[in-house]
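# this one's structure only:
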């Protein structure tokens, strides 16, 4: 294998320093050299260059015992940012995350009935870019559909009516930034594993409920992608066999446990984000026994699908996100009971079923994390 070119080696070493500052916090140059295994002179050169670009700052020197005083090096909050975006049927979202993993901004905007979601997202993205406190180095777009491995082509997003489209190209032209595209559930899974309910777990399965149903699988901090389309769980044929899905097929899981059939079953109408409308469903269930019965049935169908997934994937944790969060008091226990009943390995191992912590902005947060991935891996320079 040929040796790395000098610029590749410099990027890799810089990324190593950035990752140890992100994962373990500030440290002196000597401490960073020990953490990374790099020569102290190499660390010193990297720190100097990063300080010139206001990426790191050196604090006040402190003396601990004998020897020269040590000066801690830390990341500058909000200096280098990843922009995460999400487009969905009735809302869009944006998030900024800095190199330390801190959430700088999260925001959502409703898409008016009959409006163009990409138009609304483009306006929101431009606003966020103007207001960003630091330098945005890249952007990721979360889409509820099948995304090719080129991270550009949306093969199919039935709820948006998209086939073979490249929405990132339009946003990149407007923002003047590279924009990669990924599945929304994949990116929300990253966010929950990094910031939310799946922190500290080796393997997690994330189920998102927006208009459709998607899944994301994280193993040892990495997304499991298969050949590119892993996680399209909403179209598993485990739903009610007579229910027609937006994809045109009968019996898809999301045609039974998705937001639209749930709203129809409890006769909740009106606009708002999936979270807001799910909250209306939960409120209705608190006074209407028929609505409570709908949610019990939903929980059973949800648990059956989870059992099928967990039998194959064997995750340590299952996280229910999106519109399932406001419904959790009504569905969590019954879904968990059905999962235990239908899971062959439940006596030996039963995954922990948790409610997501990041709400409707999870996919945008995960997208912002992925927007920084090339810098933190050394693929891209700052």
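Looks like it came in fine. Only a predicted model underlies this, so the values are computations on that prediction, with no experimental measurement involved.

# Endpoint to endpoint, stretch 72-88 covers what distance?
Distance between the two ends of stretch 72-88: 43 Å, counting by CA to CA, to the nearest Å.

# Could you do stretch 152-163 as well?
12 Å.

# outside of it, which residues touch it?
87-89, 117, 143-148, 164-169, 180-181, 211-212, 245-248 (CB atoms under 8 Å, 6 or more residues apart in numbering). In this view, the C-beta of every residue, glycine as well, is placed from N, C-alpha and C.

# how far is that stretch from where the chain is centred?
Distance of stretch 152-163 from the chain centroid (CA atoms, centre = their mean, to the nearest Å) equals 19 Å.

# How about stretch 106-125?
With CA atoms, centre = their mean, you get 19 Å for stretch 106-125.

# buried residues in that stretch?
106, 108, 109, 111, 117, 118, 120, 121, 122, 124, 125 (16 or more other CB atoms under 10 Å).

# check contacts around the last one.
With contacts defined as CB under 8 Å, 6+ apart, residue 125 is in contact with 83, 85, 94, 139, 171, 174, 175.

# Could you identify the most distant pair in the residues you listed?
94 and 174 (13.1 Å; CB to CB).

# Looking at those two, which one has more neighbours?
residue 94 (25 against 15; other CB atoms under 10 Å).

# Residues contacting stretch 191-199, please?
The contact list for stretch 191-199 (CB under 8 Å, 6+ apart) reads 101, 103, 189, 201, 204, 206, 218, 221, 317, 319, 321, 354-358, 362-363, 365-366, 369.

# Mark which of the contacts of stretch 152-163 are buried, thanks.
87-89, 117, 143-147, 165-168, 180-181, 211-212, 245-247.

# Now intersect the contacts of residue 125 with the helices, please.
171, 174, 175 (DSSP state H).

# Show me what the lowest-mean-pLDDT helix or strand in the chain packs onto, helices and strands only.
Least confident helix or strand, the chain: strand 222-223 with a mean of 84, by mean pLDDT, DSSP states H and E. Packed against strand 222-223 by the contact rule (3 or more CB pairs under 8 Å, 6 or more residues apart in numbering; DSSP states H and E) you find helix 184-195.

# Okay, helices next: where are they in the stretch 101-250 of the chain?
117-131, 167-175, 184-195 (DSSP state H, counting those that start in this stretch).

# Would you mind saying which of those helices lies nearest residue 338?
helix 184-195 (21.2 Å).

# what is the mean pLDDT for that closest one?
What helix 184-195 shows for mean pLDDT is 92.

# ok, now stretch 261-276?
85.

# Now do the helix or strand harbouring residue 261: which elements does it pack against?
For residue 261, the enclosing helix or strand under DSSP states H and E is helix 259-266. Here helix 259-266 touches helix 274-285, helix 289-313, going by 3+ CB pairs under 8 Å, 6+ apart.

# Between those, which one is closest to residue 328.
Nearest of the helices and strands packed on helix 259-266 (CB to CB): helix 274-285, 8.7 Å.

# Which strands or helices does that closest one pack on?
helix 259-266, helix 289-313, helix 324-342.

# one more time with 10 Å
In terms of contacts (3 or more CB pairs under 10 Å, 6 or more residues apart in numbering; DSSP states H and E), helix 274-285 is packed against strand 91-98, strand 203-209, helix 259-266, helix 289-313, helix 324-342.

# which residues touch the spatially most central residue of the chain?
Residue closest to the average C-alpha location in the chain (CA atoms, centre = their mean): residue 188, at 2.4 Å. Contacts were defined as CB atoms under 10 Å, 6 or more residues apart in numbering; by that measure residue 188 touches 86, 142, 196, 206-208, 210, 214-216, 319, 321-322, 356, 358, 360-367.

# That one and residue 27: what is the separation?
32 Å (CB to CB, to the nearest Å).

# Do you know the pLDDT at residue 181?
Residue 181 carries a pLDDT value of 96.

# Quick one: closest of the helices and strands packed on helix 259-266 to residue 265.
Nearest of the helices and strands packed on helix 259-266 (CB to CB): helix 289-313, 4.6 Å.

# In that closest one, which residues are buried?
Result for helix 289-313 [16+ other CB under 10 Å]: buried residues 291-292, 294-295, 297-310, 313.

# Among the ones in helices among the contacts of residue 125, which one sits closest to residue 335?
residue 171 (36.2 Å).

# dump the residue contacts of that closest one.
Per CB under 10 Å, 6+ apart, neighbours of residue 171: 83, 85, 87, 118, 121-122, 125-126, 139, 141, 177-179, 181.

# do residue 222 as well
190, 193.

# Name the SS class of residue 22, please.
Secondary structure state of residue 22, per DSSP: H, G, I helix; E, B strand; the rest coil, is helix.
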